[in-house]
Every structure is written in structure tokens, then in C-alpha cells.
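Peer 1: can't give you the sequence, but here's the structure:
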């Protein structure tokens, strides 16, 4: 009896454990019964199922990637090139993904690889070698990405990125290709330099214009200050003259003598009774004339 009870308890515990399953962040779970999909759970947390009858397949919802096998393609002008690439993808439709690949990531990559390879082949086939060199890798990858996504819907996946990691050109045209690429880069550099020179000239002209404005403003301010100073000097001059006219007349004569005889070389011919020379003799004020 005790053994039977213990077995029953163990079975019940196992059934209880088997009745629940967990879904983590970045995962989705398919609940299956006899191989058929009953539902899809994407909400993280603990979920319930019927023990023994129902099984759970956990799928990775994160971004997945694989390196494509290097492929040789022919351009529209029949030039052979080797293309290296890698692919980023993720599960978009868990149910469709399970039906197409049985939920096997390796199988999904194996089925997705030829889809991307054929999309690249189609994109290369419609472009000449010259166009591939001119447009670069991004244009080729964008075209392959769009076409790959359309065909990958049948696998329940979404192609997020097709990245070209390298294009190898035939040896006999490598030199010409590199020469063309060099010429294009030089042309781009010339355009950048010309643009930079134009901007430099504009900045220089603006700086000169501002400098002229600043100089004109400074000269205007200087003239204003000078004018105010001259006005104040004239006012002080007039006030001094009104306080002592005789001293002011003497001071003005001394200033005139200084200007006339300061260098010691000047010669002035005047009458002895000239008003200009009156302070050389009797400094008394000259009598008023009637």
C-alpha cells in the first residue's frame, strides 16, 4: 500500500510539473498536440498545458545570422565576380516557421541561403560591371534584401539585412576597376575641396565685412569722444580767459613765441612796436586805443 501510494504521488508530481512551461524574454512557444499547432505563446512567464497530450516547442525570437557561401555571379555584360555576404534574419511567423522547417534553425538557414543567393544573382545579372563599381555594394545589397524578403515569407521568417562583405573582380580588369574607383574618389575629393574653399571665402568675406563695421563704429565713437573733449577744452579755455584776461593774453603770447621760435631757426621781421613783441619789452597791458 505504501509503495503504491508513493508511486501515485510521484506520478501526480510529474504530471503537475508537466502541466506547466515557461516562456522567457526573446522567445515564443508553440503548443503542439499530435503534431498539430494549438496555439502560440509569446508572453513571457509561466503557462499551462495538458500533460502528456501536449508538447511545447520553444523558438528563438532574437536576430539570427549566418555567413553565405561565396558565390560567383555573371554581370549583364558577362563579367564574372565573386560575392561574399552574410544575412541577418528572425522568425516572423512561428507557426509558418514550424510548418516550413519543423522548427529547426539549421534547416531554416539551409533553406534561406539559396533564396538570398538567387536574389543576389538576379541583382547582379541586371547590372553591368561598370554599374556595380559606380553604385557600390549598398545598392546591390538593398535589391537582394527586398527580393529575399518576398520569398522568405514562405519560411515564416523576415530577412533584416543582406550585407556584402566583399566583391572580387576578375584579375584582368582589377586594375581598371581600381583606377576607376580612384578617379571617382579624386573627383569627390575635388568637389569637397571646392566646397570647402567656397565656404572659406564666404567666411572670410563675412569676417572682413564685420571688421569694417567694427572699424567704422570705432572711428565714429572716437570722433564723438574727440568732439566732446574739444568742447570741454574750449569751455575750460573760455572759463580761464574770463577769470584773468591779462594772464590769459600773456599765456597765449608765450604759446605763440614757442611755435614761432621753438626750433631756433625761424626768422620773423616785425616793427618794434608790433603787438606780437610787446611782452619782450614792457609787459604792461597795451593802452586802449580810441
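Peer 2: On my side now, so go ahead. These figures come from a predicted structure and were not determined experimentally.
Peer 1: where in this structure is pLDDT low?
Peer 2: Within the chain, the segments meeting pLDDT under 70 span 1-2, 5-18, 135-136, 170-178, 180-181, 246, 254, 256-290.
Peer 1: The spatially most central residue of it: what secondary structure?
Peer 2: Centrality entry for the chain: nearest residue to the mean C-alpha point is residue 192, 16.3 Å, by Cα atoms, centre = their mean. At residue 192, secondary structure determined by DSSP: H, G, I helix; E, B strand; the rest coil is helix.
Peer 1: can you list the domains in the protein?
Peer 2: Per automatic domain parsing, the domain ranges recorded for the chain read 2-60, 64-169, 174-243, 247-285.
Peer 1: Highest mean neighbour count out of the ones you listed?
Peer 2: The highest mean neighbour count among these, using mean count of other Cβ atoms under 10 Å, belongs to domain 64-169: a mean of 17. Heads up, the C-betas are built off the backbone N, CA and C, glycines and all.
Peer 1: Pull the distance from the helix or strand where residue 203 lies to the chain's centre.
Peer 2: Assigned by DSSP states H and E, residue 203 belongs to helix 171-243. How far helix 171-243 lies from its chain's middle: 28 Å, per Cα atoms, centre = their mean, to the nearest Å.
Peer 1: What number of neighbouring residues does the residue lying closest to residue 90 once chain neighbours are set aside come out with?
Peer 2: Once flanking residues are discounted, residue 90 sits nearest to residue 63: 5.2 Å by Cβ to Cβ, 6 or more residues apart in numbering. Residues near residue 63, counting by other Cβ atoms under 10 Å, number 13.
Peer 1: Bridge partners for residue 20, pull those for me.
Peer 2: Residue 20 forms beta bridges with residue 48, as assigned by DSSP bridges.
Peer 1: Tell me where the stretch 51-200 of the chain has strands.
Peer 2: Assigned by DSSP state E, counting those that start in this stretch, the stretch 51-200 of the chain shows strands spanning 54-60, 64-67, 71-74, 80-91, 157-168.
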